[in-house]
Each structure stands twice: as C-alpha cells, then as structure tokens.
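# A predicted structure for the sequence below; I have some questions about it.
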Amino acid sequence: MIGGLAYGFIAATPPLPNGGGAASSVFVLLWLTLAVALVGGAGVSLGIAIAETAGKRPWLTLGGAAGGMIVGAVVKLLGIDAFNLLFGQSPAAITGGLEGLFLGAGVGLGATLSSMGGSDRSLRSVTARAALCGGAAGSVVVLLGGHLLAGSFEQLVQTFPQSRIGLAQIGGLFGEQGLGPVAEAASAFVEGALFAAGVVVAMTLARRELDRPEGRLASSSGLVASRRGGAPRLG
C-alpha cells in the first residue's frame, strides 16, 4: 500500500487530461502494486516456509530465492503473453525470474538475520535488518540490468507511449532526465526494503503469536479438533 500510494501520487503529479485522470492513476497503481506484492510475497514466503522445515538458517535464503524466481518467471511469462494477445506487443524487459531470485534471496537473508537473537529481539531491529537486505537486493537487480516495479512501468511506457503511468518524475530528484539509472536504483532499494520488511515482520509477528501460551493452546486445540473432525473450542 505504501509503495502503491507513493507511485500513484508521483504518476498523478503532472497535469493530466480528462479531469479524473489523477485519481485513476493513484488507484490503478495502488492495486497493481498490491497485486504484485501479494503474488510475490506468497511465492517468497512459501519458499522460506518450506526451507524452514529443514531447521537450518542458511536454507531460508535459498528457499526465498527459489520461491521468488519461480513466481517471477511465471508472472512474467503470463504478463508477456497477455500483452501480446491484447495489444500485439509487450514490454520484454519487465521484472521476472532473475529479479524474483535476488529479491527473494534478500527476504530470506533478512529472515535469517532477524531470527538471530531469539524471540526477545526488538521489532525495530527485525524491520531494519530485513529492510537493509531487501533494499540491497533491489539495488543489485538494477545494477545487473534488471527492473523492479518502477523500471517495469518505465518499460511499459516506452512500449506504449500513450500510457499515463510513467514514473519519470523520480529522476528529477536525482538530477536525471526521466527514470535514469540512479533514480531507478534508489527506487528499487525502497521497493526491496518495503517488501522484505513487510514479509519478515509479518513472519515475526506470526511466530511470536504462536510462541505465546494461548497461541500454542489454540494451535494444539485446532490440531485435536481437526483429527476429531470438529471445530476447535477455546475457553
């Protein structure tokens, strides 16, 4: 939501034709960003959860990378096919498997570092570690020639010049004309930081809830009820 609203307001900054264009830009980019985050978060989280069953921290990074790569590759394939079917052309350089691999690895590394120190680690520390790992992964993606969300939107604008969701205004903050390499690397850092922090903090909060006595009671009650074929009853 944070990233989608930010990009939406940036895209709506210049005067747009047809009165309601500004509001539409905000809502369209908000929902697009939410959809991408939901799908990406599901894939990366699933990879980390599967890796966690092995009980070895280094595997969390591999699990996140695998989950991100698979989801990124599938989404890119479907997206390119959808554009080709609808418009006869597609932006080829949008985010995909390579970007998902690095970003998923960043989330997995953030989860690994955040798990060190036991359950008494502060939520601020968890957020900072995850954000740093995710942000670094996002910047590395751009340095290697890949694109995250802002870069993908820019590729979309270059393929369809009449599109009105460009984020070229970000370049002005860094003295660049359009979304240059510095502006894209900075936006990718923020995207990766927000994504990793959100996923890892959610995992941490869920784990803490399960570690509480009432959380363990609810979990065991649900397990017993499922074996008996009934619903759990909590007093």
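Structure's in. What do you need?
# show me the shaky parts of this protein.
For the chain, the stretches flagged by pLDDT under 70 are 13-21, 117-120, 164-166, 214-235.
# try 90 this time
1, 3-33, 35-36, 49-60, 72-98, 111-126, 145-181, 183-184, 203-235 (pLDDT under 90).
# so where do the helices sit in it?
Using DSSP state H, the helices of the chain run over 2-11, 21-52, 58-87, 97-115, 123-143, 149-159, 181-211, 213-228.
# could you identify which of those helices is most buried?
helix 97-115 (a mean of 27; mean count of other Cβ atoms under 10 Å). C-beta here means a position set from N, CA and C on the backbone, and glycine is covered the same way.
# tell me the angle of that one relative to helix 21-52?
Here helix 97-115 runs at an angle of 60 degrees relative to helix 21-52 (axes from the mean of the first three to the mean of the last three Cα atoms, to 10 degrees).
# quick one: helix 97-115 to chain centroid distance?
10 Å (Cα atoms, centre = their mean, to the nearest Å).
# contacts only, for residue 176.
Residues near residue 176 by Cβ atoms under 8 Å, 6 or more residues apart in numbering: 182-183.
# heads up, I number from 17, so please use that
Done: numbering now begins at 17, and the last item shifts to residue 192.
# residue 228 and residue 216: what is the separation?
Distance of residue 228 to residue 216, computed by Cβ to Cβ, to the nearest Å: 19 Å.
# which among the helices of the chain is found nearest to residue 186?
helix 197-227 (4.6 Å; Cβ to Cβ).
# can you give me the angle the closest one makes with helix 74-103?
Interaxial angle, helix 197-227 versus helix 74-103 (the same axes, to 10 degrees): 120 degrees.
# so residue 189 touches residue 198, yeah?
No: between residue 189 and residue 198 there is no contact under Cβ atoms under 8 Å: 9.4 Å.
# sorry, back to before: and the helices of the chain as CSV, adding distance to residue 184?
Shown next, in CSV, are those (distance: least, Cβ to Cβ, whole Å):
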stretch, distance to residue 184
helix 18-27, 9
helix 37-68, 13
helix 74-103, 21
helix 113-131, 20
helix 139-159, 16
helix 165-175, 7
helix 197-227, 9
helix 229-244, 47
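# please name whichever of the ones you listed is nearest to residue 185.
helix 18-27 (5.5 Å).
# angle of that closest one against helix 37-68?
Using the same axes, to 10 degrees: helix 18-27 against helix 37-68 is 150 degrees.
# who touches the residue lying closest to residue 142 once chain neighbours are set aside in this structure?
Distances taken as Cβ to Cβ, 6 or more residues apart in numbering place residue 130 nearest to residue 142, at 4.3 Å, with adjacent residues excluded. Going by Cβ under 8 Å, 6+ apart, residue 130 touches 137, 141-142, 145-146, 216, 220.
# let's see 7 Å
137, 142, 145-146, 216, 220 (Cβ atoms under 7 Å, 6 or more residues apart in numbering).
# cool, and residue 105?
99, 175.
# now do residue 152
residue 122.
# can you do 10 Å?
118, 122, 125-126, 205, 208-209, 212 (Cβ atoms under 10 Å, 6 or more residues apart in numbering).
# same question for residue 199.
Residue 199 neighbours (Cβ under 10 Å, 6+ apart): 158, 166-167, 170, 183-193.
# ok, it to residue 23 distance?
With Cβ to Cβ as the criterion, residue 199 and residue 23 are 13 Å apart.
# residues shared between the contacts of the two?
Contacts common to residue 199 and residue 23, judged by Cβ under 10 Å, 6+ apart, are 166, 183, 186.
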